[in-house]
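Need the 3D shape of this:
(one chain, ligands or ions: 2)
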Amino acid sequence: MIPDRPIAVAGAGSIGCFVGGMLTAAGRNVALLARPRVIGEIESHGLRLTSFGGFDQTIASSRLALSEDPSILGNAGVVLVTVKSADTAEIADIIAEHAPADAVIVSLQNGVGNTAALRQRLPGRRVLAGMVPFNVIAPGEGRFHRATSGDIVIEQDDARTAAGLAAPGLAMRATDNIAGVQWGKLLVNLNNALNALAGLPLRQQLAQRSWRRLFADQMTEGLAAIRADGIRPVSPTPIPPSWTPSLLRLPDVVFETLLGRTMKIDPEARSSMWEDLQRRRRTEIDYLQGVIAEIADRHGLPVPLSRRIVALIKRAEAEGKGSPGLTPDQIRP
Ligand SMILES: NC(=O)C1=CN([C@@H]2O[C@H](COP(=O)(O)OP(=O)(O)OC[C@H]3O[C@@H](n4cnc5c(N)ncnc54)[C@H](OP(=O)(O)O)[C@@H]3O)[C@@H](O)[C@H]2O)C=CC1
Ligand SMILES: CC(C)(CO)C(=O)C(=O)O
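Residues are numbered from 1 along each chain as shown. Ligands and ions are numbered 1, 2, ... in the order given. As a prediction, this is how the structure comes out:
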């Protein structure tokens, strides 16, 4: 059992507001630790949750606890960590100071290092890894839109946290191989940077074979690196990681049919890294392609495409002009 106290969201942006909102819609008591910009939107417009399947519900701000003050974590039974990876250490220190010692802490972040970073700064606490396969975008005015399909996966524990957190419209399942699941998601997240550099909606980008070839080539580099490290990734889709590069290289019509059978992806979907560039925020590139490059270095493997993409994203971050709108030819080293 998880403690029967509020579910707090530490760093409520796209994922935190959507997940926290769905839990509130299901009657759970939710507290959002958020920035004033996000709080202002929800106070003015309510928290509007929409999804690719037609779901559309607005939660009145009075149904949620909302604050930029970390003391909002004070009575939490569960803390969902939904900050970007660069903010994990800081949020861990906030949790250490403000959340009850018996609260279960669940990371819903991308990347493979956040849970270890939380555990290191939160010794003796129950910290679980999670993986969110679906995309959420934040078009503004308090709306958080789930633009792709998939169920949340959480590390299995004796308290059955995944089952305790699941809600209608927000399926969660437990796994005894969360590390494999996180590595599988990291490989999929290698497209986040391409999507950010392209400045195109995900569906439009993935409809073009030239973009998919770049994605496939990066995934091939990534698979070689992580296999050299003895890692066995588990795919977040029904397609095994080792098949994905070949499938990405298929002609457009064949790929489109296959994609339609494996996942739902609506025209609004865009990667969280695209949103970071648009909002002039630091991206998670060091935690995605950066990790592949670091492993490749240790094994003496060449990963020129991953390195080139790290450099292009860093350049876009430094320029602070949003997505540079590059073509695949401008990206290839
Ligand atoms: N968006 C998506 O579709 C998906 C995202 N993910 C992963 O989920 C994680 C969260 O992503 P996402 O929701 O997109 O990120 P967002 O940037 O939308 O949300 C994080 C929010 O936390 C805020 N924040 C950071 N530190 C604090 C603090 N100390 N107090 C209050 N608020 C704070 C940030 O503010 P500020 O902007 O000021 O830093 C931001 O508003 C990432 O690891 C991402 O990769 C996983 C699957 C899909
Ligand atoms: C788009 C998605 C769901 C998969 O790459 C994602 O994880 C993100 O935007 O960060």
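
For the residue nearest the centre of the chain, which non-adjacent residue is spatially closest?
Centroid check for the chain by Cα atoms, centre = their mean gives Asn110 as the closest residue, at 4.4 Å. Leaving out its chain neighbours, the residue that sits closest to Asn110 by Cβ to Cβ, 6 or more residues apart in numbering is Asn189, at 5.3 Å. Any C-beta I mention is one placed from the backbone N, CA and C, and that applies to glycine too.

Same check on Val291?
Nearest residue to Val291, sequence neighbours excluded (Cβ to Cβ, 6+ apart): Val112, at 6.5 Å.

same deal with Val38?
Nearest to Val38 is Ala12, by Cβ to Cβ, 6+ apart, at 6.0 Å.

give me every residue that touches the one you found.
Neighbouring residues of Ala12 by Cβ atoms under 8 Å, 6 or more residues apart in numbering: 20, 32-34, 38, 82.

quick one: which of these is nearest to ligand 2?
Looking at the contacts of Ala12 and their distance to ligand 2, the nearest is Thr82, at 11.5 Å (Cβ to the nearest ligand atom).

count of neighbours near the closest one?
29 (other Cβ atoms under 10 Å).

Could you do Trp243 as well?
Around Trp243 there are 10 residues (other Cβ under 10 Å).

again with Asp158
7.

Could you list the contact residues of this structure toward ligand 1?
11, 13-16, 33-35, 38, 82-85, 87, 90-91, 94, 108-110, 132, 135-136, 272, 281, 284 (Cβ under 6 Å from any ligand atom).

Let me know the pLDDT of the residue nearest to Val38.
What the model reports as pLDDT for Ala12 is 98.

Same question for Leu258.
With respect to pLDDT, Leu258 scores 86.

domain assignment for the protein?
7-176, 179-331 (automatic domain parsing).

Got the confidence number for the residue of the stretch 201-333 of the chain found nearest ligand 1?
Relative to ligand 1, the nearest point of the stretch 201-333 of the chain is Ser272 (3.6 Å; Cβ to the nearest ligand atom). Listed pLDDT for Ser272 reads 98.

Can you select the buried ones from the residues of the chain next to ligand 1 in PyMOL?
Here is the PyMOL command that picks out the buried ones among these, judged by 16 or more other Cβ atoms under 10 Å:
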select buried, resi 11+13+14+15+16+33+34+38+82+83+84+85+87+91+94+108+109+110+132+135+136+272+281+284
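
on that earlier part again, burial count for the residue nearest to Val291?
By other Cβ under 10 Å, neighbour count at Val112 equals 21.

from the contacts of Ala12, which ones fall inside helices?
20, 38 (DSSP state H).

can you list the contacts of Ala12 in a markdown table and add pLDDT and distance to Asp252?
Output for those, formatted as a markdown table (pLDDT from 0 to 100; distance: Cβ to Cβ, whole Å):
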| residue | pLDDT | distance to Asp252 |
| --- | --- | --- |
| Gly20 | 98 | 38 |
| Leu32 | 98 | 41 |
| Leu33 | 98 | 43 |
| Ala34 | 98 | 40 |
| Val38 | 98 | 38 |
| Thr82 | 98 | 35 |
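
What is the nearest of the contacts of Ala12 to Ala207?
Taking Cβ to Cβ as the measure, Ala207 lies nearest Thr82 of those, at 29.6 Å.

Next up, the contacts around the closest one.
Thr82 neighbours (Cβ under 8 Å, 6+ apart): 9-13, 15-16, 19, 108-109.

Widest-spaced pair of these?
The largest separation in those, counting by Cβ to Cβ, is between Ala12 and Gln109 at 13.1 Å.

Setting aside sequence neighbours, what's the nearest residue to Asp276?
Thr283 (4.4 Å).

One more: Ala147?
Closest to Ala147 by Cβ to Cβ, 6+ apart is Ala269, at 3.5 Å.

looking at this, the one you found is in a helix?
No. Using DSSP: H, G, I helix; E, B strand; the rest coil, the secondary structure at Ala269 is coil, not a helix.

so what pLDDT did it get?
Per-residue pLDDT puts Ala269 at 96.

Gly21 against Leu47, yeah?
Yes. Assessed by Cβ atoms under 8 Å, Gly21 is found in contact with Leu47 at 4.7 Å.

Overlap in contacts, these two.
Joint contacts of Gly21 and Leu47 (Cβ under 8 Å, 6+ apart) are 59, 64, 144.

quick revisit: the residue nearest to Val38 is in what secondary structure piece?
Ala12 is part of no helix or strand when elements are defined by DSSP states H and E.

Please renumber the chain so that the first residue is 35 from this point on.
Will do, 35 is the new start, and the previous item becomes Ala46.

ok, it to Gln323 distance?
27 Å (Cβ to Cβ, to the nearest Å).

Same check on Leu98?
36 Å.

for the stretch 235-367 of the chain, what spans make up the strands?
Under the criterion DSSP state E, counting those that start in this stretch, the stretch 235-367 of the chain contains no strands.
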